[in-house]
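Asker: Below: sequence and its predicted model.
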Amino acid sequence: MRRPAVVLTLVAGCLHGWGLLRGGTHYYYSAAVRSMSTSWSAFAFGALDPAASMTVDKLPGGLWVQALFVRVLGFHAWVLLLPGALAATATVPLLFAAVRRWAGTRAGVIAAVVLLASPVTFAAARVNLVDPLLVLCLVAAAYALTRAFDDGRWLVVSGALVGVGFQVKMVEAWVVLPALLAACLVAPGPRLRRAAVLGGTALVVSMAWLVAVGFVPRDERPHVDGSPGDTWWEMVFGYNGLDRGLTGDGAPYGGPPGPLRLFDDQLGGQAGWLLPLALVLAAACWWTSRKDPLWTLWGGWLLTAVVVLSFLPGLHPYYTTLLAPALAATIGAGVPPAWKWWRERTGLRWVLPAGGVLSAAAAAVIMTRAGGPGWLVAVAALGVAVWGHRRGAAAAGAVVLLAGPAAWIAITPAVPRNSMHTANPVAGPQTAVAVFGVADPRITLSRILGMPPTGPVPPIDAPLPGSDIDPELLDYLRAHHAGERFLFATGDASTASPYLAAGYSVLPMGGFTGFSPYPELAEVAELVREEQLRFLYLTAVPGLPGVLGERAAWARAHCAPVHLRTPGGMTLFDCRG
């Protein structure tokens, strides 16, 4: 067992190390990590700025890991990317261990290889997003539950790891919880007590930070981004929960929801290659092994993730990393019995060739859509299905099915600096962001990318507006800074981020989308009056909606414009006097 684990870990390390070298940092999270690494107050609350005036619009658990790495190793791009690469690497031997314990070494190796060939897992680990950490926590929770069926003490570990996953990425961690609980109820023994221990532990650990910070008075902690009511509960379960689950928050990614969404032009190349094979194997093996709690666990995880990802209104492609471990585990554990059915000509001998041909058809569609010779995949798969009784043909079939996703990883270009790819990383050929069903794509992209809501939508490979420091603006601000608490205040995340990442104290009014009501205008006026803030750098064109327009109107009425060359309708206001 030790040799396959070591080899798989080394391969995973090389793959994700190569991805790190070609990766890119997310401008918004990088700025928050810099602030959290220099201020323990900002660290504790997950604040975007070192003065801890505004939080990020997520729970801070995943960013804590990055901030600790930065505290030790310094603020560098590779340090920001290192936790994700390490997490993606560690997930491979952990999945191998979980599947090996369940279905044997061969199944574990197959599962690990399929995970290594997951394009979306590779893509997500090249940007300092928290998804690789979430996946690591959930695979660890599944491994612990596998151990718990022999030693009940592991139940607490499994539940706690789901709770840690919640701290990393909130309710997304709970997507796998029904499968874990269902496995507890299927396994022989104290079913209800087992499920209660796991579920109760998961709930307690998930809620721990939210309960703790709830005791902090509002005037002693930052404003909560993503919450009109200025509460973390609303940010977690409203802005990042029901709002996304019911409306999608206008995100123009993922394609229209529906049963075939995971095979569309945005998601198919990320996670659709082997999904038909996984679903066929999961259904057949669960039916023949209904009393096996681990088929309920991994098959339930696969099915729940497929349903959620297919019908969630707004979906970044990298969210499908949640699907990858269950897909790999079901293929790993399902191929050996399905191969046996085929060789022995039992009633289920159709399972492996049917799943293989369906996955080959999906691969053919994905490759044809991208301009490749998809028909070759279909022909090769048909030949393998016909001659599948030969061991050599089985190996050829594996190569055919893994060639597409492996190629998608290989042809993925380096992440362009500060581009939309840092907020929406994908593997394979890089295509333009499709914006559909929105009246004004500038407003939509400002909400989901934190960019100024005026000016043209940038090309997908171009830097986002305001994502770099303006030397002329910075020289002016530093020359006129007289010790105020903030160098300046601005109203969108991409404009604030490069200055925060450089270590300057900037007030990020409006939070990530710019539409947060905090700080209120009365608070801004008080900061100006108390000489804690002098300059505002805003999009001040007339006709902006909501709080954007209110801030611009206040600046025009109470401050004087500074005549500097500024891009995209941005204006620097001097509020002294």
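Answerer: Arrived safely, thanks for sending.
Asker: which stretches of this structure aren't confidently modelled?
Answerer: Counting by pLDDT under 70, the chain contains low-confidence ranges at 1, 246-252, 372-393, 431-458, 568, 577.
Asker: and it, what are its domains?
Answerer: What automatic domain parsing lists as the domains of the chain is 2-409, 471-574.
Asker: Just say which of those domains is most tucked in.
Answerer: Mean neighbour count, computed with mean count of other CB atoms under 10 Å, is highest for domain 2-409 among the domains of the chain, reaching a mean of 21. All C-beta atoms are positioned from the backbone trio N, CA, C, and that covers glycine.
Asker: How about Ala103: what's its closest non-neighbour residue?
Answerer: Ala333 (3.9 Å; CB to CB, 6 or more residues apart in numbering).
Asker: Name the helix or strand for the one you found, please.
Answerer: helix 324-344 (DSSP states H and E).
Asker: any idea which helix or strand comes after that helix?
Answerer: As assigned by DSSP H and E, the chain's next helix or strand after helix 324-344 is helix 351-369.
Asker: name the helices or strands packed onto that next one?
Answerer: helix 275-288, helix 324-344, helix 374-386, helix 391-410 (3 or more CB pairs under 8 Å, 6 or more residues apart in numbering; DSSP states H and E).
Asker: Grab the CA positions of the last one and hand them over as CSV.
Answerer: Output for helix 391-410, consisting of C-alpha atoms alone and laid out as CSV, is shown next (Å, rounded to 0.1, in the frame of the first residue of the first chain):
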residue,chain,number,x,y,z
ARG,A,391,-7.0,-7.2,-21.2
GLY,A,392,-5.1,-5.1,-23.7
ALA,A,393,-8.4,-3.6,-24.9
ALA,A,394,-9.3,-2.6,-21.3
ALA,A,395,-6.0,-0.7,-21.0
ALA,A,396,-6.7,1.0,-24.4
GLY,A,397,-10.2,1.9,-23.2
ALA,A,398,-8.7,3.6,-20.1
VAL,A,399,-6.3,5.6,-22.3
VAL,A,400,-9.2,6.6,-24.6
LEU,A,401,-11.3,7.8,-21.7
LEU,A,402,-8.5,9.6,-19.8
ALA,A,403,-6.9,11.2,-22.9
GLY,A,404,-9.5,14.0,-23.2
PRO,A,405,-9.3,15.3,-19.6
ALA,A,406,-5.5,14.9,-19.5
ALA,A,407,-5.2,16.8,-22.7
TRP,A,408,-7.4,19.6,-21.3
ILE,A,409,-5.0,19.9,-18.4
ALA,A,410,-1.9,19.9,-20.7
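Asker: In terms of secondary structure, what does it contact?
Answerer: helix 119-124, helix 351-369, helix 374-386.
Asker: So which of the helices and strands packed on helix 351-369 is nearest Gly466?
Answerer: helix 391-410 (31.9 Å; CB to CB).
Asker: Run the angle between that closest one and helix 324-344 for me.
Answerer: 160 degrees (axes from the mean of the first three to the mean of the last three CA atoms, to 10 degrees).
Asker: and helix 391-410, how far from the chain's centre?
Answerer: 27 Å (CA atoms, centre = their mean, to the nearest Å).
Asker: What angle do helix 351-369 and that helix make with each other?
Answerer: Going by the same axes, to 10 degrees, helix 391-410 makes 30 degrees with helix 351-369.
Asker: Do a quick rundown of the helices in the stretch 201-350 of the chain.
Answerer: Assigned by DSSP state H, counting those that start in this stretch, the stretch 201-350 of the chain shows helices spanning 232-234, 243-246, 275-288, 293-311, 324-344.
Asker: In a markdown table: those, plus distance to Arg485.
Answerer: What follows is the helices of the stretch 201-350 of the chain, written out as a markdown table (distance: least, CB to CB, whole Å):
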| stretch | distance to Arg485 |
| --- | --- |
| helix 232-234 | 24 |
| helix 243-246 | 32 |
| helix 275-288 | 52 |
| helix 293-311 | 43 |
| helix 324-344 | 44 |
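Asker: And Ala360, how far from Gly404?
Answerer: Distance of Ala360 to Gly404, given as CB to CB, to the nearest Å: 9 Å.
Asker: let me fix that: Tyr143
Answerer: Tyr143 is 29 Å from Gly404, by CB to CB.
Asker: now do Gly24
Answerer: Taking CB to CB, one finds Gly24 at 25 Å from Gly404.
Asker: And Trp40, by the same measure?
Answerer: 47 Å.
Asker: Which helix runs longest in the chain?
Answerer: With secondary structure taken from DSSP state H, the chain has its longest helix at helix 77-103.
Asker: Among the domains of the chain, which comes closest to Asp461?
Answerer: So among the domains of the chain, domain 2-409 is nearest, using CB to CB, at 11.0 Å.
Asker: Report the contact partners of Trp64.
Answerer: Residues in contact with Trp64 (CB atoms under 8 Å, 6 or more residues apart in numbering) are 36, 43, 46.
Asker: mind checking how far the spatially most central residue of the chain is from His421?
Answerer: Taking CA atoms, centre = their mean, the centroid of the chain lies closest to Asp131, which sits 3.9 Å from it. In this view, Asp131 and His421 are 15 Å apart by CB to CB.
Asker: next one: Thr38
Answerer: Using CB to CB, which is the criterion applied here, Thr38 is 27 Å from His421.
Asker: before we move on, the earlier item: would you confirm that the residue nearest to the centre of the chain contacts Lys169?
Answerer: Yes - at 6.8 Å, Asp131 counts as touching Lys169 under the criterion of CB atoms under 8 Å.
Asker: mind checking which of the helices of the stretch 201-350 of the chain is nearest Ala90?
Answerer: Closest among these, using CB to CB: helix 324-344, at 12.2 Å.
Asker: Look up the closest residue to Ala338, ignoring the ones flanking it.
Answerer: Per CB to CB, 6+ apart, closest to Ala338 is Leu352, 4.0 Å.
Asker: Show me where the stretch 401-550 of the chain has its strands.
Answerer: 488-490, 506-508, 535-539 (DSSP state E, counting those that start in this stretch).
Asker: Can you tell me what sits against the longest one?
Answerer: Think strand 535-539. Against strand 535-539 from outside (CB under 8 Å, 6+ apart): 452-454, 473, 477, 480, 487-492, 495, 524, 548, 551-552, 555, 559, 562, 566, 568-575.
Asker: Could I have the CA atoms of it written out in PDB?
Answerer: The C-alpha coordinates for strand 535-539 follow below in PDB (Å, rounded to 0.1, in the frame of the first residue of the first chain):
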ATOM      1  CA  PHE A 535      -9.500  61.500  -0.200                       C
ATOM      2  CA  LEU A 536     -12.300  59.600  -2.000                       C
ATOM      3  CA  TYR A 537     -11.600  57.800  -5.300                       C
ATOM      4  CA  LEU A 538     -15.000  57.000  -6.900                       C
ATOM      5  CA  THR A 539     -16.900  56.300 -10.100                       C
END
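Asker: Partner strands of it and their direction?
Answerer: Each strand that pairs with strand 535-539, with its direction, by DSSP bridges: strand 488-490 (parallel), strand 570-574 (antiparallel).
Asker: residues contacting Ser505?
Answerer: Counting by CB under 8 Å, 6+ apart, Ser505 makes contact with 49-51, 485-487.
Asker: circling back: distance to Pro259 added to the strands paired with strand 535-539, as a markdown table?
Answerer: What follows is those, written out as a markdown table (distance: least, CB to CB, whole Å):
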| stretch | distance to Pro259 |
| --- | --- |
| strand 488-490 | 43 |
| strand 570-574 | 44 |
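Asker: of all the ones you listed, which lies closest to Ala85?
Answerer: strand 488-490 (31.6 Å).
Asker: which residues touch that closest one?
Answerer: Taking CB under 8 Å, 6+ apart as the rule, strand 488-490 contacts 477, 496, 499, 506-509, 524, 527, 533-538, 572.
Asker: same thing but at 6 Å, please
Answerer: Contacts with strand 488-490, where a contact means CB atoms under 6 Å, 6 or more residues apart in numbering, come from 477, 496, 507, 509, 533, 535-537.
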